[in-house]
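1. here you go, sequence then predicted model.
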There are 2 protein chains.
Amino acid sequence: MGARPDQLKLGLFLNGGHHSGGWRHPDANANTDISFADCARLVQKAERGKFDLLFLADFLAADAASDPVRSKMTWAAYLEPLTLLSALSAATTHIGLVGTATTSYNEPFHVARKFASLDHISSGRAGWNLVTTVNGAEAQNFNRNAHFAHADRYQRAEEFVDVVFGLWDSWDDDAFVRDKVSGRYYEPEKVHVLDHRGQHFSVRGPLNIARPPQGRPVIVQAGSSEPGKELAARTAEVIFTAQNEIGEAQDFYADVKGRMTKFGRSPDQLKILPGLSIIVGRTEQQAADKLGLLQSLTPPEVGARMLSSMLDIDLSGYSVDGPLPDVLPPTNGGKARQALIAAMARRENLTIRDLYSKMVTSRGHGFAIGSVERVADYIQEWFESYAFDGFNFMPPWLDGGLNDFVDLVVPELQRRGILRREYEGRTLRENLGLERPESRYADSTHISASQGA
Amino acid sequence: MGARPDQLKLGLFLNGGHHSGGWRHPDANANTDISFADCARLVQKAERGKFDLLFLADFLAADAASDPVRSKMTWAAYLEPLTLLSALSAATTHIGLVGTATTSYNEPFHVARKFASLDHISSGRAGWNLVTTVNGAEAQNFNRNAHFAHADRYQRAEEFVDVVFGLWDSWDDDAFVRDKVSGRYYEPEKVHVLDHRGQHFSVRGPLNIARPPQGRPVIVQAGSSEPGKELAARTAEVIFTAQNEIGEAQDFYADVKGRMTKFGRSPDQLKILPGLSIIVGRTEQQAADKLGLLQSLTPPEVGARMLSSMLDIDLSGYSVDGPLPDVLPPTNGGKARQALIAAMARRENLTIRDLYSKMVTSRGHGFAIGSVERVADYIQEWFESYAFDGFNFMPPWLDGGLNDFVDLVVPELQRRGILRREYEGRTLRENLGLERPESRYADSTHISASQGA
């Protein structure tokens, strides 16, 4: 397959180092969950590597925190994404700022407003990673005994995103004239009342903030389940997904992009960025040594625990040197991820120990290791064969895992012509090659302006 | 009355220029509602004036935005406080960052988390202005047809603040050891489950962020109504109130501080900072001219509208050259403010026009005008006679109203010895002279540590 006309899109997935042993690396910075200065330095490095965006995951619970095994793992407690991204906007110039907010335990008015505000503060660099909550413990922090069922979550998400889109259009782009002579601060006919009354939400509007510079912050989703793919095909502009096998990744890519037509959307208006952990060395051996060190820093009980929670099953009754049980229990959470990991285990005939050794490296996401040449080959193959449009880079440890990528791999990708040397635009949309959405009221405004003339 | 042993505490209330004509001032910057760069420049100026804190008010509706009269006024739409304060934390070093969040249409988990995150990002400079919603229109943006009644709002607020305080103590101050050798990231016995089950909220916890650097962000309240004063005496550390007459201000000061003892609190652990608008000139005439210009930039319909909304009554049926009606209708909103304004009108025998001319200047808050000497005298008298501990400065227009104060009045207050020349501490608490609260689990942690030894 020949070279693609476009270039790689890159995200930095910065929820600590992603290898379970990463924080114990002798050179690692183990404070990135709480230190703004550390986060700023890392994101500035990513900006020098011409990353499109910073990506922050999020949860609304720390339910298992009292567990001694959990206490050997990072990220039970960390800076809240919207506040962190806002502060980072003042420390950066180009990189997009994507934060997670669940539709399950938020209100659309708050979410619309905070992301619009971030978009203004950052001059058009905001993105919203729209998720439904998979962690049932979050319910108990929000006045509920039981979590929403999977289908209910997606119904709520569909309505939630429609309300948010509507609220972002509350003010026309040119509503604020601030005319000192006439005394008119804004044009009152360029304000729109949404008056949404739905199954889950009643929201009158208008939103009390001007339309975002990007029209809408960029919409990011996971979109792995069937309703998730439908929601993504209708509304997402970036998909963050877990893919570790090129054929399956190609199928996923074709599947989701193929669904877009029925919603009147062009496939190039959605960028698919699977997670990818990379360990690179100046030689193959150097890379292998780096991985070996990280693996040695992961206690077995931590590996087994991570695998258990990713599969939503307690594996403590099984021998780590035997296979996964044939039948995995139903899960209200990441069904697609459970299936993906189980399929990989069977395909490669892995024991539970083998499997968690893989999982602690990239948690079910892609993993590339080796020399600069080999890692660049891996990326180029996936990109040119339409398995992804780029990836969400998961540094195994910090700062070293990120520095290695930016210092060694980025120049090689640029040399091959598949990664930008300079940012193309000023906003996240412009860098991703996404159109700026028109307001839903754009036509009526035009008519009303003509009538007034 | 002699000099007080302490010094003035200063807030900057930055929701645009506070005079209704301020944005039309020929030199005014009219974009501060949406421009981060403008906000950063202003707050940096306040930091040079040794202000303790920046204060951002907030509402969750823009219900009247389509109204032509409203469109002649600012602040129907503006940056969201938490995102703006977070970004400003990266552009400042000393000043406290206080944002408003209502207990009526938020969840305690979100509020606890975002303010804790801001406190970490800013290294201990966060404050939460805890309000109950007075604007009934907010209900309709949050799935409700009708707003909570006044008493319900305060019951909810009392429970809300208890939950937030509990969540902030989820992790002991020394929970995170990040010990690379042992592999222990945190001490699991230093995590606490709140398990709150109350009338309005069920919140299990723990919060997924480390204890704030200040223990708790500084708690700011209005506290003008009877339940408001009780809540403030129990939990507030700063009160932002409207006072325009020194005797009434002294009564309020003594009243609220007097209530603190029954909650086991010392009166010096609460700073009372009424709003104060100031117009200062190098001469009396220069100051009068500045006011005259601003008054001329306020259309009468804007003045009448502002007064109507502050009194929660439609005054359009009354002659502007007659008095207020004798009986004002009951209000679910700012009862205390309504009474305050009505009392001032009767005391000074003001027509509706006189009254709105005063209101557009300081909206029921204090107002000082004149030479540097006269303005400093006003401030010193209120301070030394225990009418306030300082004030929340409301610049009439931007940047000029703030620049005048910092360049002319601040040096005079410093010369008189009632304003700091340098920040005393690193955190907002330290600058305000407030103690850092111990965790509610501090004793049990100590015992458990002893038992473990």
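-> Looks like it arrived, so ask away. Quantities reported herein were computed from a predicted structural model and do not represent experimental measurements. Numbering: from 1, shown residues only, chains lettered A, B, ... in the order given.

2. the strands in the stretch 51-200 of chain A, which residues?
-> A:53-56, A:96-102, A:126-131, A:176-179, A:184-186, A:196-197 (DSSP state E, counting those that start in this stretch).

3. let me redo that: the stretch 351-453 of chain A
-> Secondary structure of the stretch 351-453 of chain A by DSSP E, counting those that start in this stretch: the strands cover A:366-371, A:390-394.

4. ok, back up a step: what's the closest of the strands of the stretch 51-200 of chain A to A:Ala376?
-> Of all the strands of the stretch 51-200 of chain A, strand A:53-56 sits nearest to A:Ala376, with 21.0 Å by C-beta to C-beta. C-beta coordinates here come from the backbone N, C-alpha and C atoms, glycine included.

5. in TSV: the strands of the stretch 51-200 of chain A, plus distance to chain B, mean neighbour count and mean pLDDT.
-> TSV is the format used below for the strands of the stretch 51-200 of chain A (distance: least, C-beta to the nearest C-beta, whole Å; neighbours: other C-beta atoms under 10 Å in any protein chain shown; pLDDT from 0 to 100):
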stretch	distance to chain B	mean neighbour count	mean pLDDT
strand A:53-56	12	26	98
strand A:96-102	10	25	98
strand A:126-131	9	26	97
strand A:176-179	4	17	98
strand A:184-186	5	21	97
strand A:196-197	10	14	98
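
6. I'd like those strands as CSV, with distance to A:Ala151 appended.
-> As requested, the strands of the stretch 51-200 of chain A are exported to CSV (distance: least, C-beta to C-beta, whole Å):
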stretch, distance to A:Ala151
strand A:53-56, 27
strand A:96-102, 16
strand A:126-131, 16
strand A:176-179, 41
strand A:184-186, 42
strand A:196-197, 21
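
7. which parts of the stretch 201-350 of chain A sit against chain B?
-> Counting by C-beta under 8 Å from any C-beta of the partner chain, the positions of the stretch 201-350 of chain A adjacent to chain B are A:201-210, A:297, A:299, A:302.

8. looking at the strands of the stretch 351-453 of chain A, which is buried most?
-> For these, average neighbour numbers computed from mean count of other C-beta atoms under 10 Å in any protein chain shown are highest in strand A:390-394, which has a mean of 27.

9. what's the angle between it and strand A:96-102?
-> Compare the direction of strand A:390-394 with that of strand A:96-102 by axes from the mean of the first three to the mean of the last three C-alpha atoms, to 10 degrees and you get 80 degrees.

10. surely A:Ala233 meets A:Phe263?
-> Yes: A:Ala233 is in contact with A:Phe263 according to C-beta atoms under 8 Å; the separation is 5.9 Å.

11. those two: which is more packed in?
-> Taking other C-beta atoms under 10 Å in any protein chain shown, A:Ala233 and A:Phe263 do not tie; A:Ala233 has more neighbours (23 against 10).

12. quick check: chain neighbours aside, which residue is closest to that one?
-> Closest residue in space to A:Ala233, ignoring its immediate chain neighbours: A:Arg259 at 3.5 Å, by C-beta to C-beta, 6 or more residues apart in numbering or on different chains.

13. just to check, that neighbour is in contact with A:Thr235?
-> No: between A:Arg259 and A:Thr235 there is no contact under C-beta under 8 Å: 11.5 Å.

14. check contacts around the residue nearest to A:Ala233.
-> By C-beta atoms under 8 Å, 6 or more residues apart in numbering or on different chains, A:Arg259 lies in contact with A:229-230, A:233.

15. looking at these, which is nearest B:Ser20?
-> Within the contacts of A:Arg259, distances to B:Ser20 taken as C-beta to C-beta reach their minimum at A:Ala233, with 48.9 Å.

16. quick one: the closest one from A:Lys257, how far?
-> 8 Å (C-beta to C-beta, to the nearest Å).

17. identify the contacts common to those two.
-> Common contacts of A:Ala233 and A:Lys257 (C-beta under 8 Å, 6+ apart): A:Leu270.

18. report how many residues lie close to A:Arg421.
-> For A:Arg421, the neighbour count with other C-beta under 10 Å is 11.

19. distance of it from chain B?
-> Note on A:Arg421: its distance to chain B, by C-beta to the nearest C-beta, to the nearest Å, is 28 Å.

20. is that residue in contact with A:Lys50, as I believe?
-> Yes: using C-beta under 8 Å, A:Arg421 is in contact with A:Lys50, at 7.1 Å.

21. shared neighbours of these two, anything?
-> Counting by C-beta under 8 Å, 6+ apart, the contacts common to A:Arg421 and A:Lys50 are A:Gln414.

22. related to what we said a few turns ago, make TSV out of the contacts of A:Arg259 and add secondary structure, distance to B:Asp326 and pLDDT.
-> TSV is the format used below for the contacts of A:Arg259 (DSSP: H, G, I helix; E, B strand; the rest coil; distance: C-beta to C-beta, whole Å; pLDDT from 0 to 100):
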residue	secondary structure	distance to B:Asp326	pLDDT
A:Lys229	helix	66	94
A:Glu230	helix	63	93
A:Ala233	helix	64	96
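
23. tell me the one of these nearest chain B?
-> A:Glu230 (25.2 Å; C-beta to the nearest C-beta).

24. tell me the phi and psi of the residue nearest to A:Ala233?
-> Dihedral pair for A:Arg259: phi -80, psi -10, per degrees, to the nearest 10.

25. neighbours around A:Glu47, how many?
-> Quick note: A:Glu47 (other C-beta under 10 Å) scores 18 neighbours.

26. got a pLDDT number for the closest residue to it other than its chain neighbours?
-> Of all residues not flanking A:Glu47 in the chain, A:Ile95 sits nearest, at 4.8 Å (C-beta to C-beta, 6+ apart). The model reports A:Ile95 with a pLDDT of 98.

27. surely A:Ile95 and A:Val43 touch.
-> Yes: counting by C-beta under 8 Å, A:Val43 is a contact partner of A:Ile95 at 6.2 Å.

28. out of those two, which sits in the more crowded spot?
-> Between A:Ile95 and A:Val43, A:Ile95 has the larger neighbour count (other C-beta under 10 Å), namely 27 against 22.

29. what residues are up against that one?
-> So A:Ile95 contacts A:12, A:43, A:46-47, A:51-54, A:125 (C-beta under 8 Å, 6+ apart).

30. if we use 10 Å, what do you get?
-> Contact analysis of A:Ile95 by C-beta atoms under 10 Å, 6 or more residues apart in numbering or on different chains lists A:10-12, A:43-44, A:46-54, A:88-89, A:122, A:125, A:423, A:428, A:431.

31. buried only: go through the residues you listed for me.
-> Taking 16 or more other C-beta atoms under 10 Å in any protein chain shown as the criterion, what is buried in the contacts of A:Ile95 is A:10-12, A:43, A:46-47, A:49-54, A:88-89, A:122, A:125, A:423, A:428, A:431.

32. and whichever strand or helix holds A:Leu340, how far out from the chain middle?
-> Per DSSP states H and E, A:Leu340 falls inside helix A:335-347. Remark: helix A:335-347 is offset 21 Å from the chain centroid, using C-alpha atoms, centre = their mean, to the nearest Å.

33. which helices and strands does that helix pack with?
-> Under the contact criterion of 3 or more C-beta pairs under 10 Å, 6 or more residues apart in numbering or on different chains; DSSP states H and E, helix A:335-347 touches helix A:226-235, helix A:246-259, helix A:300-311, helix A:352-362.

34. recalculate using a threshold of 8 Å.
-> helix A:300-311, helix A:352-362 (3 or more C-beta pairs under 8 Å, 6 or more residues apart in numbering or on different chains; DSSP states H and E).

35. same list, these, but as TSV with mean pLDDT and mean neighbour count please.
-> Formatted as TSV, these follow (pLDDT from 0 to 100; neighbours: other C-beta atoms under 10 Å in any protein chain shown):
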stretch	mean pLDDT	mean neighbour count
helix A:300-311	87	19
helix A:352-362	87	21
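
36. good, we can wrap up now.
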